[in-house]
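J.: Fold the following and give me the result.
(chains A, B, C, D, E and F)
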6 protein chains.
Amino acid sequence: MVGRFQPFHKGHLAVIRECLGKCDELIIVIGSAEESHTMRNPFTAGERFQMILSCLTPEERLRILIVPIRDVNRYSVWVNHIESYLPPFDIVFSNSDLTRSLFKQAGYGVRKTKAYNPKEYSATEVRKRMVAGRKWSSLVPEPVARMLEGMDARQRLLDSGEKPARR
Amino acid sequence: MVGRFQPFHKGHLAVIRECLGKCDELIIVIGSAEESHTMRNPFTAGERFQMILSCLTPEERLRILIVPIRDVNRYSVWVNHIESYLPPFDIVFSNSDLTRSLFKQAGYGVRKTKAYNPKEYSATEVRKRMVAGRKWSSLVPEPVARMLEGMDARQRLLDSGEKPARR
Amino acid sequence: MVGRFQPFHKGHLAVIRECLGKCDELIIVIGSAEESHTMRNPFTAGERFQMILSCLTPEERLRILIVPIRDVNRYSVWVNHIESYLPPFDIVFSNSDLTRSLFKQAGYGVRKTKAYNPKEYSATEVRKRMVAGRKWSSLVPEPVARMLEGMDARQRLLDSGEKPARR
Amino acid sequence: MVGRFQPFHKGHLAVIRECLGKCDELIIVIGSAEESHTMRNPFTAGERFQMILSCLTPEERLRILIVPIRDVNRYSVWVNHIESYLPPFDIVFSNSDLTRSLFKQAGYGVRKTKAYNPKEYSATEVRKRMVAGRKWSSLVPEPVARMLEGMDARQRLLDSGEKPARR
Amino acid sequence: MVGRFQPFHKGHLAVIRECLGKCDELIIVIGSAEESHTMRNPFTAGERFQMILSCLTPEERLRILIVPIRDVNRYSVWVNHIESYLPPFDIVFSNSDLTRSLFKQAGYGVRKTKAYNPKEYSATEVRKRMVAGRKWSSLVPEPVARMLEGMDARQRLLDSGEKPARR
Amino acid sequence: MVGRFQPFHKGHLAVIRECLGKCDELIIVIGSAEESHTMRNPFTAGERFQMILSCLTPEERLRILIVPIRDVNRYSVWVNHIESYLPPFDIVFSNSDLTRSLFKQAGYGVRKTKAYNPKEYSATEVRKRMVAGRKWSSLVPEPVARMLEGMDARQRLLDSGEKPARR
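T.: Got it, this is the predicted structure:
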């Protein structure tokens, strides 16, 4: 399963649990790993790693690998790029048509995942609310909310160029 | 703790267990993550990830994170590069003077690790024996030996340009 | 002559034939060679190479070289970049003011080319019609139309993120 | 002090003189050093270097270093990147929240600078007027005006894709 | 068929003709396309392109494509990299074990080629003789010999750092 | 004038003064600007910048520009790369045959410079003596000697992998 997790929200956690129901071991790829401090990608790979970890039970953690991978910005080598970073895998879970199409063409099984309350459980929505000074903490798992508050994530977003929305 | 693990051998495993005795949680960085199929770096990051995993007990796995990180080939940004990929850490275990020096200058605690039977427990030694057709499997943990045999690691090394040593 | 050929259409072919009337040998540079599977650049350099080849007569092929070249995204070295990939050339055919200006400043002859029915013979137009499910095959040479249909180019575009236009 | 100086205008010069009043020696970083011939970055680092130099008195020049630095497009290593290019410095002058935030976190002193007549003394405004064929020379120091006219900067902008504004 | 052609010699030409006897159309990949002016890679891709072209008959040229491709220095994505630049192909001719192994693993047919008088017909040998001021022209096809003399290839090698051998 | 200045020694200073006698203004390019902490390139561009500055009189400083430039590792674009970073220049001073050859071919004047006591005034010699614990300070200008001692340059070299020579 591939995601950017900017930040990790309740929809992500639901997808992880859905996938865990369908396979023995799950690899979570943190995409765009070298991006941070921008509007679309405010958090470093390390911070996102920590967000995901903070939400897993020990049982889940024993069945999950988390691997940050940088973008190559070149789709023709993207599958080889991902393969080189990961232990062998069989099935790719993704909601992106392009991701499923590229991996399918390379011989992998591909699956769509469900969207959980996508209007609210959306990283874009979380970032928008943070910048606007509105309530956002119910959209993310509780340990993530604490972590984001502790690091003053709102200031990070404002520094990265997000303008507070006018009322 | 940082290593290239080409391949993962019994010395590496001893260092991991030494470090686990000195800290709560350990991050193992797989360095040179994008190198593979060369003489010095025959195995992909994914293959090395799998080698390490195969040797950990569940208790160990719950206290360990494994993170593959590519080289930047520019020491002046190396500490920032590593930091961006990892959850927060306090102490760096390394036998490289340069690694300890760069992290110390950036404010981290640094520790030397012991060398365990360094003449034999050495990735260079393992690769040399493999190429020469000599016994190497006692130098690596048993699950790694099985994995390397299963993937015909010797052929990988020969294809990568290693010449079999003359007797 | 430089182009991206996403995809190769009848206007491109007309320009090639116009250029062949004005020089002995023509080099066709396939620009943005490493881009593919995106909205602006759906096809790989290899696919675009094949499209062009499929439209040339043997006589034309003997007077034409086709060379895919990646972007450098840095105009100050662009002329040196192109020069290093090509046999010697004298004249640059281009409709881009910047291209003509950079090569002129480096001492090359530069020529504008005609625009052939630019509203229809346009790669953007072809992609737009494909996505919308409208007729597009009359805009490209017949062998290209067959090739695009054979590879299900429409699906490629949709996977790359093009949204079908609403009626 | 960091800027792109596309082109160098009277507001930049005022900030330099403000900074010189607050420190002994000033380093001027020419950012995006490898960009040129685009709409946002029409001039090479060398041309921008020359613009700045042409406006300094000998006394100022003895207290100023000018250093062109390319972008890394990765904020997590940006501070280390800048540090590696510069002699030691204590304080960073910037109007960018992100720049101040990143350097502050790395332990530097940071200062906001004044904005001098920001509607007119703006590089965007200068470029806009140039393209539109309106008067722009009063917005830049006189030696810069002469230099830009001598190199036909307007044509550079038009070649780079700027469209002349309609009246 | 893949080669660096530094320079193109009679052994290369013999291999091309051998391959043409075994397939309908042949793609010649000029590897390390962005290297030049070094000891191992003195000539640009464009110069090497011209050397090859100068030796082909019109009949051969109609069955051959020549494609310069830069190195990626990352074997795990190398097959995808090559594929993205080339029209579809079935069989890879190579004397490199690694090349054959990587393409075989990706599902291609692979073939070894013969070595023609490898002690003399060797690019290393040609460069060595040139630098030493010894006769080399019999090792390369006649049009290549003329071209290398015309561009003063010996001086290029000396400038690139090759030291003339002592007698 | 181009150099790596690892470190800046008395021979470099003599060449600078020789060049100043032959031109009005001199640009000193600090090459390999992004290299540091390695055996061949122990010091950052910023440190080398500071070494040079510390040796110039105010009169010299008014006639000299210092510009750090990273390597591109591709000779075919190297001249364009350098040009983009520098104000206009006419003559290139260099002892490298390749540098003079590339700039000459691009239309610049080129000059060889004298070698001043090259056995002793050599950056390699300075680094070798430092590592071996022998006297080196007489080989560099006095302010550089003080600076290198202040930053414990010997330790930097040892950390970078230089082995102390055996007696």
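
J.: Helix or strand: which one has the spatially most central residue of chain A?
T.: By Cα atoms, centre = their mean, the mean C-alpha position of chain A lies nearest to A:Phe5, the distance being 2.5 Å. Using DSSP states H and E, no element contains A:Phe5; it sits outside every helix and strand.

J.: How about it, nearest residue that isn't a chain neighbour?
T.: Nearest residue to A:Phe5, sequence neighbours excluded (Cβ to Cβ, 6 or more residues apart in numbering or on different chains): A:Arg48, at 4.6 Å. Just so you know, the C-beta spots here come from the backbone N, C-alpha and C atoms, and that holds for glycine as well.

J.: Close to chain F: what parts of chain A are there?
T.: Contact residues, chain A versus chain F (Cβ under 8 Å from any Cβ of the partner chain): none.

J.: How about chain A: which residue is closest to chain C?
T.: As assessed by Cβ to the nearest Cβ, chain C sits closest to A:Tyr75 within chain A, at 3.6 Å.

J.: show me what contacts A:Pro58?
T.: Listed by Cβ atoms under 8 Å, 6 or more residues apart in numbering or on different chains, the contact partners of A:Pro58 are B:Leu62.

J.: which sections of chain A are below the confidence cut-off?
T.: A:162-167 (pLDDT under 70).

J.: For it, give the residue positioned nearest to chain D.
T.: A:His37 (3.6 Å).

J.: and that residue, how many neighbours?
T.: Counted by other Cβ atoms under 10 Å in any protein chain shown, the residues lying close to A:His37 total 21.

J.: So it is in contact with A:Arg156, correct?
T.: Yes: using Cβ atoms under 8 Å, A:His37 is in contact with A:Arg156, at 7.1 Å.

J.: What sits closest to the residue of chain A closest to chain D if chain neighbours are left out?
T.: Excluding the flanking residues, the one nearest A:His37 by Cβ to Cβ, 6+ apart is D:Tyr75, at 3.6 Å.

J.: can you pull the contacts of that neighbour?
T.: D:Tyr75 touches A:36-38, D:98, D:102, counting by Cβ under 8 Å, 6+ apart.

J.: residues contacting the residue nearest to A:Phe5?
T.: For A:Arg48, the contacting residues are A:4-8, A:30, A:68, by Cβ under 8 Å, 6+ apart.

J.: can you list these in JSON lines and add distance to C:His81?
T.: As requested, these are arranged in JSON lines below (distance: Cβ to Cβ, whole Å):
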{"residue": "A:Arg4", "distance to C:His81": "32"}
{"residue": "A:Phe5", "distance to C:His81": "37"}
{"residue": "A:Gln6", "distance to C:His81": "34"}
{"residue": "A:Pro7", "distance to C:His81": "40"}
{"residue": "A:Phe8", "distance to C:His81": "41"}
{"residue": "A:Ile30", "distance to C:His81": "34"}
{"residue": "A:Pro68", "distance to C:His81": "32"}
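
J.: Name the nearest of the residues you listed relative to C:Gly21.
T.: A:Arg4 (51.4 Å; Cβ to Cβ).

J.: gap between that closest one and C:Met39?
T.: Applying Cβ to Cβ, to the nearest Å, the value for A:Arg4 to C:Met39 is 19 Å.

J.: These two: who's more crowded?
T.: For A:Arg4 versus C:Met39, the count of surrounding residues by other Cβ under 10 Å is larger for A:Arg4: 20 against 13.

J.: I figured the more buried one hits A:Asn41, correct?
T.: Yes: A:Arg4 is within contact range of A:Asn41, at 6.7 Å (criterion: Cβ under 8 Å).

J.: In a markdown table, list the contacts of D:Tyr75 along with secondary structure.
T.: What follows is the contacts of D:Tyr75, written out as a markdown table (DSSP: H, G, I helix; E, B strand; the rest coil):
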| residue | secondary structure |
| --- | --- |
| A:Ser36 | coil |
| A:His37 | coil |
| A:Thr38 | coil |
| D:Leu98 | helix |
| D:Leu102 | helix |
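
J.: ok, of the residues you listed, which come out buried?
T.: If you count burial by 16 or more other Cβ atoms under 10 Å in any protein chain shown, the buried members of these come out as A:36-38, D:98, D:102.

J.: Which of the residues you listed sits closest to D:Pro88?
T.: D:Leu102 (17.6 Å).

J.: Contacts only, for that closest one.
T.: Contacts of D:Leu102 by Cβ under 8 Å, 6+ apart are A:37, D:75, D:78-79.

J.: residues contacting the residue of chain A closest to chain D?
T.: Per Cβ under 8 Å, 6+ apart, neighbours of A:His37: A:156, A:159-160, D:75-76, D:98, D:102.

J.: same thing but 10 Å
T.: A:43-44, A:156-157, A:159-161, B:84, D:74-76, D:78, D:98, D:101-102 (Cβ atoms under 10 Å, 6 or more residues apart in numbering or on different chains).
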